[in-house]
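> based on what follows, work out the 3D shape:
(one chain, ligands or ions: 1)
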Amino acid sequence: MPTKKIPYYITTPIYYPSDSLHIGHCYTTVCCDALARFKRLSGFDVFYLTGTDEHGQKIEEKAKQAGKTPKAFVDDIVKNIKDLWKLMGISYDGYIRTTDKKHKAAVQKIFTTLYEKGDIYKSTYRGRYCTPCESYWTPSQSKDGKCPECGRETVESEEECYFFRLSKYEKPLLDLLQNTDYLEPKSRVNEMVNSFLKGGLEDLAVSRSSFSWGVPVPHDKKHTVYVWIDALTNYITALGYGSENDTNFQKYWPADCHMMAREIVRFHSIIWPALLMALDIPLPKKVFGHGWLLIEGTKMSKSLGNVIDPFVLCDRYSVDAIRYYLLRELSGGQDGEFNAENMLTRINADLCNDLGNLVKRTTAMAKQYFEGKVVKPKAGEGTEFDGTLQKKMDGLFNAVSQRMDKLEISKSLEVLFELISESNKYIDLTKPWILNKEGKKKELNAVLYHLLEAIRIATTMLLPYIQNAPKKIFELLGIKEPKDFKDMLYGKIKSYTTKEGDALFVRLVIKKELEELEAAKAGGETKITASQIKNDTETVGAVTNRPQQNNKETNMITIDEFFKTELKVAEVKACEKVEKADKLLKLTLDVGGEERTVVSGIALSYTPEEMVGKKVVLVYNLAPAKLRGIESQGMILCAVQDDKPIIVSPESFVDNGGIVR
Ligand code: MSP
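Predicted coordinates for the structure are as follows:
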């Protein structure tokens, strides 16, 4: 970690507030948030900027349709966007609106500087114009008279406007893209060079006189500064460039990372560096163009109506789950499909099974064997499996950092979860319940200490990605949430006093969820709205306040009633007869690291020897009852044939503790 804080500046694109944002916008914003948080915890002085691009003809028209002034129209949407970022835990340091006075003044200054320098000049544009895209196209760009961006019909047009001398920067731009790491992933470089630069750059029209909702050209008010100068310069005006107080600009510029999706990479890797070159300002260190989040193969877009409402998803599945899915599922540069089934499977597999179970099993064992008090073992007190797990813990920070530094967020989570699954395997290898049975208290303590350390280190590393579950985990571990990544090595905690809590992550019933999401999409009676589902417990994967179906038929229960019963696979580790009770056997079960005693009336059908090693299904949340003086902590399921109990057992191998439903 750096001793003196090194500045780190990261930005999202500034979004159009023409409508509410969708889960695609959340993707970029959550990625930048994870990177910003990662850098803060690594000791950097971070400035994370996001904002809104509020001018232009489209917004002007939308506001008119809504019967509002453009400013009132964007104010409402910006409020909604800020609510969304608050809900999703977006830790931005600056929020720029292009309607900010300071920004507008700085844009005018920049325009004047470039005009006086001769890099902006007035001329007449002749060519084709796409009104919806507000873009001019040359005859070679619009071959069939259609807009190359949206495919709509263009119109012949001739207009007096201001031009930026983009052609002058062709060579330095080629050099920048081909000989530096300015643009990533590398596949985007070829796209830029072959499609735009090699064909030769034309000067760029940077003003319009067809609308007025924007920044007026300072010396010629009939013209409005067109969107790209207004929009791109946000990255410097937000830091105070062009104003009296530019300390942030001095401190944070050049940006470390401009992140965006691939459709606007062109503006950031051609127009933006050329503008900066013209202004004699250093270039940003990195432009990263990630892929698109698709729905059924098509880019999510408001106009296509295939958007997914992030408010609904977060309320339904929790912010942690949605952030985790976005960060884990899409891999950097490539497009990826937003698929509800994959999302639910991911939540169940990684958060519920891997992380949730690890925490649950470990805190349950700490309570059961040591009343929650686990101390750092002395050298030589452990098991043969400790070294491997220790190594994994000690290597985690570097493994994750290396990937985050390369902006490989999904891969960084992959290595992080390797420690979590290694820890689960470690429980199976060290078999704490056997150590307990054999009275090996020191080894047992060492095993639990290793597990608690692995949970602490993995959870600390998880902080940039998700925030609510880690908060709860630190509470269960009885330690404070770390403020940085300083203590990332094994052995930093002298002793733990753990607590037990509710399941962190509730397993989702995928089929049922898919049906409800489908119904919500169709806007039917079961439409889910953010206010209907208020998940303020923040339990990952938890679903609360669902509308209950009333089933009037007697003897029928609803699916929700059925799911109140927790069924789990358990293995019989030991079995003996209950004295003076012909029908009863006392079973010692391993339920995924947790030991349970169950008294069962199966002695007339099974001998104790036959039972040992069998996998059974345990009613896990049955209230304990005393039978012949022994507390029975659950019940095992049997089918009944000719009045005889027959054990119900999984047909093929299932881990101990596996869910039955
Ligand atoms: N206002 C311009 C950007 C100016 S930046 C100086 C703009 N706005 S936008 O509202 O259209 O936002 C586009 C950005 O939103 C994308 O580049 C990307 O960051 C994000 N995304 C929007 N839809 C997305 C997907 N379907 N998938 C991934 N990212 C998405 O362009």
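> for stretch 615-622, the distance to its chain's centre please.
34 Å (C-alpha atoms, centre = their mean, to the nearest Å).
> buried sites along it?
Buried residues in stretch 615-622, counting neighbours by 16 or more other C-beta atoms under 10 Å, are found at 615, 616, 617, 618, 620. Bear in mind the C-beta positions are built from the backbone N, C-alpha and C, glycine included.
> if we only consider the residues you listed, which is nearest to residue 49?
residue 620 (48.6 Å; C-beta to C-beta).
> pLDDT wise, what is that closest one at?
We have a pLDDT of 90 for residue 620.
> and residue 358, by the same measure?
Reported pLDDT at residue 358 in the predicted model: 96.
> on that earlier part again, keep only those of the buried residues of stretch 615-622 that are in strands.
615, 616, 617, 618 (DSSP state E).
> from the residues you listed, pick the one nearest the ligand.
Distances from the ligand to those, taken as C-beta to the nearest ligand atom, are shortest for residue 617 (43.4 Å).
> how about the residue in the stretch 101-250 of the chain positioned nearest to the ligand, nearest residue that isn't a chain neighbour?
Per C-beta to the nearest ligand atom, residue 231 is where the stretch 101-250 of the chain lies closest to the ligand, at 4.0 Å. For residue 231, ignoring the flanking residues on the chain, the nearest one in space by C-beta to C-beta, 6 or more residues apart in numbering is residue 53 at 4.7 Å.
> then residue 131?
Per C-beta to C-beta, 6+ apart, closest to residue 131 is residue 155, 7.0 Å.
> ok, now which ones touch that neighbour?
Contacts for residue 155 (C-beta atoms under 8 Å, 6 or more residues apart in numbering) come out as 128, 129, 131.
> next up, the contacts around the residue nearest to residue 231.
By C-beta under 8 Å, 6+ apart, the contact list for residue 53 reads 13, 14, 15, 16, 17, 98, 227, 230, 231, 234.
> got the phi and psi for residue 415?
Per-residue torsions, residue 415: phi -70, psi -30 (degrees, to the nearest 10).
> against residue 279, how distant is it?
41 Å (C-beta to C-beta, to the nearest Å).
> before we move on, the earlier item: dump the ones in strands among the buried residues of stretch 615-622 to TSV, plus distance to residue 584.
Below are those laid out as TSV (distance: C-beta to C-beta, whole Å):
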residue	distance to residue 584
615	21
616	15
617	19
618	16
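> nearest to residue 581 among those?
Of those, the one sitting nearest to residue 581 (C-beta to C-beta) turns out to be residue 616, at 19.4 Å.
> pull out the buried residues from stretch 274-293.
Within stretch 274-293, the residues that qualify as buried are 274-279, 281, 283-284, 286-293, counting by 16+ other C-beta under 10 Å.
> which of these fall within helices?
274, 275, 276, 277, 278, 279 (DSSP state H).
> and the stretch 201-350 of the chain, which residues reach the ligand?
Counting by C-beta under 6 Å from any ligand atom, the residues of the stretch 201-350 of the chain close to the ligand are 231, 232, 234, 260, 261, 263, 264, 292, 293, 299, 300.
> check the chain too.
So the chain meets the ligand at 13-16, 24-25, 27-28, 53, 231-232, 234, 260-261, 263-264, 292-293, 299-300 (C-beta under 6 Å from any ligand atom).
> show me how to select, in ChimeraX, the buried members of these.
Per 16+ other C-beta under 10 Å, the buried members of those correspond to this ChimeraX selection:
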select :13,14,15,16,24,25,27,28,53,231,232,234,260,261,264,292,293,299,300
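> from the residues of the chain next to the ligand, which land in strands?
13, 14, 15, 260, 261, 293, 299.
> what about the first one, distance to residue 21?
As for residue 13, its distance to residue 21 is 11 Å (criterion: C-beta to C-beta).
> shared neighbours of those two, anything?
With C-beta under 8 Å, 6+ apart, residue 13 and residue 21 have no common neighbours.
> quick check: buried residues in the helix or strand hosting residue 404?
Here residue 404 sits within helix 386-405, counting by DSSP states H and E. Residues 386, 389, 390, 392, 393, 396, 397, 399, 400, 401, 403, 404 are the ones in helix 386-405 that count as buried (16+ other C-beta under 10 Å).
> show me what that helix is packed up against.
Contact partners of helix 386-405 among helices and strands, from 3 or more C-beta pairs under 8 Å, 6 or more residues apart in numbering; DSSP states H and E: helix 23-41, helix 409-430, helix 441-462.
> which residues touch the helix or strand following the last one?
Downstream of helix 441-462, the next assigned helix or strand under DSSP H and E is helix 468-477. Counting by C-beta under 8 Å, 6+ apart, helix 468-477 makes contact with 89, 318-320, 351, 355, 359, 363, 452, 455-456, 459-460, 462-463, 480-481, 496, 498-501, 504-505, 538, 540, all of which sit outside it.
> and residue 170, how far is that from residue 162?
Distance from residue 170 to residue 162, counting by C-beta to C-beta: 20 Å.
> any weak-confidence spans in the chain?
Applying pLDDT under 70 to the chain flags residues 1-3, 302-306, 332, 520-561, 642-643.
> how does it divide into domains?
339-497, 552-660 (automatic domain parsing).
> out of those, which is the most enclosed?
domain 339-497 (a mean of 19; mean count of other C-beta atoms under 10 Å).
> just the terminal-to-terminal distance for that domain.
Distance between the boundary residues of domain 339-497 (C-alpha to C-alpha, to the nearest Å) amounts to 41 Å.
> picking up where we left off before, from the ones in strands among the buried residues of stretch 615-622, pick the one nearest residue 137.
Closest to residue 137, out of all of these and judged by C-beta to C-beta, is residue 617, at 66.9 Å.
> and residue 145, what does it touch?
Contacts of residue 145 (C-beta under 8 Å, 6+ apart): 128, 153, 154.
> may I see the PyMOL selection of the buried members of the residues you listed?
Restricted to buried positions by 16+ other C-beta under 10 Å, the PyMOL selection for the contacts of residue 145 reads:
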select buried, resi 128+154
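> that older thread, so which of the contacts of residue 155 comes closest to residue 190?
Using C-beta to C-beta, residue 128 is the member of the contacts of residue 155 that lies nearest residue 190, at 27.0 Å.
> isn't that closest one right up against residue 158?
No - in this structure residue 128 lies outside contact range of residue 158 using C-beta atoms under 8 Å: 10.7 Å.
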